[in-house]
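Undergrad: Okay, here's the prediction I keep looking at, along with the sequence it came from:
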Amino acid sequence: MERIVFIERDTIQAGFRPPKFDHEWIEYGETLTDQIIDRVREATIIISNKLSLGEAELSWAKDLKLIAIAATGSDCVDLVYCRRRGIAVCNVRGYATNSVPEHVLMLILALRRNLFAYRRDVQSGLWNQSKQFCLLTHELHDIKGSTFGIVGYGSIGKAMARLAESVGMRVLIAERRDAVETRAGRTKFADTLGLSDVISLHCPLNDETRDLIGASELKTMKRNALLINTARGALVDDAALIEALRNGRLAGAGIDVLREEPPRQGSALLDVDLPNLIVTPHVAWASNEAVQALADQVIENIESFIEGSPRNLLT
């Protein structure tokens, strides 16, 4: 009988149906780092989300067969160690192809239409004092006809391209930063930065992409451009981004991810009060519909593995 241990149940606000095989299901709402070893020691299957699972923790789980990540990002699991041990690791894919692009579009529109600045002005009574029927205290810009650059062209990147095109934006797909050749349908990384009115990040975090957008890249972008990051916080150099926003080097940024989550030690992006910066708490993925699709896929991944037809494998 399989022993399934879900160590971060509270991170997924959706129902999980029972797997269609004989099993014992144990779940913990949250798990502290020093509790991981005791909780996974007898597991044959672990369901995780953001907790770090490396050799120090997994070496105690002698019967472990599978880690089912209830997310797409896999940087929290030591894949090299799992390969060496023969532990299969799978993730969920494609579940947020509506939720994330819609969140990105919301951030773009809020920044281009100065939504929060206008809300503040209305709340402070400026509209009441206006000599005209409307209040025009901030610039308003359309997004139709602008150029949208996508960095990371997986399922979410592709869905983002379709949504951007549907509202009249021209889409560029960035080639990898250090690529020697540019694939058909792609644009050189630096050219994508320089030509785009909006850059949206949808790539995984790894050694190649860490600090992908730093001071040099921000200088390459248009002064009136926006940077949107709903992928991973460490893709962007926070200090360089703040400086660019403060100095008018960049028109605005919409950020849904931070380097440390939750930001218990604070974050430079939360400490600044900039009208052209919007920070949301890693919720782009989390529409009710997307979260339920994620939960369903986690169980489907586990069932497929037990049936001998594993899917979405990373190792």
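TA: That came through fine.

Undergrad: where does residue 302 land in three-state SS?
TA: Assigned with DSSP: H, G, I helix; E, B strand; the rest coil, residue 302 falls in the helix class.

Undergrad: same thing with residue 89?
TA: At residue 89, secondary structure determined by three-state DSSP is strand.

Undergrad: burial measure for residue 196, as a count.
TA: Using other C-beta atoms under 10 Å, residue 196 is surrounded by 26 other residues. Any C-beta I mention is one placed from the backbone N, CA and C, and that applies to glycine too.

Undergrad: Check residue 52 too.
TA: Counted with other C-beta under 10 Å, residues neighbouring residue 52 total 13.

Undergrad: Once you drop chain neighbours, what's closest to it?
TA: Taking C-beta to C-beta, 6 or more residues apart in numbering as the measure, residue 52 lies nearest to residue 76, with 5.3 Å between them; neighbours along the chain are not counted.

Undergrad: now residue 2
TA: The spatial neighbour of residue 2 that comes closest, neighbours along the chain excluded (C-beta to C-beta, 6+ apart), is residue 23 at 4.4 Å.

Undergrad: In this structure the one you found contacts residue 1, no?
TA: Yes - checked against C-beta atoms under 8 Å, the pair residue 23 and residue 1 is within contact range at 6.1 Å.

Undergrad: Now do the contacts for the residue nearest to residue 52.
TA: The contact partners of residue 76, by C-beta atoms under 8 Å, 6 or more residues apart in numbering, come to 48, 49, 50, 51, 52, 53, 69.

Undergrad: so which one among those has the lowest pLDDT?
TA: Least confident by pLDDT among the contacts of residue 76: that is residue 50, with 93.

Undergrad: quick one, what contacts residue 104?
TA: By C-beta under 8 Å, 6+ apart, residue 104 lies in contact with 160, 163, 200, 228, 230, 254, 284.

Undergrad: Go ahead and build a ChimeraX selection from the buried members of these.
TA: Typed into ChimeraX, the next command selects the buried ones out of these (criterion: 16 or more other C-beta atoms under 10 Å):
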select :160,163,200,228,230,254,284
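
Undergrad: Give me the phi and psi angles of residue 226.
TA: According to degrees, to the nearest 10, the main-chain angles of residue 226 amount to phi -110, psi 150.
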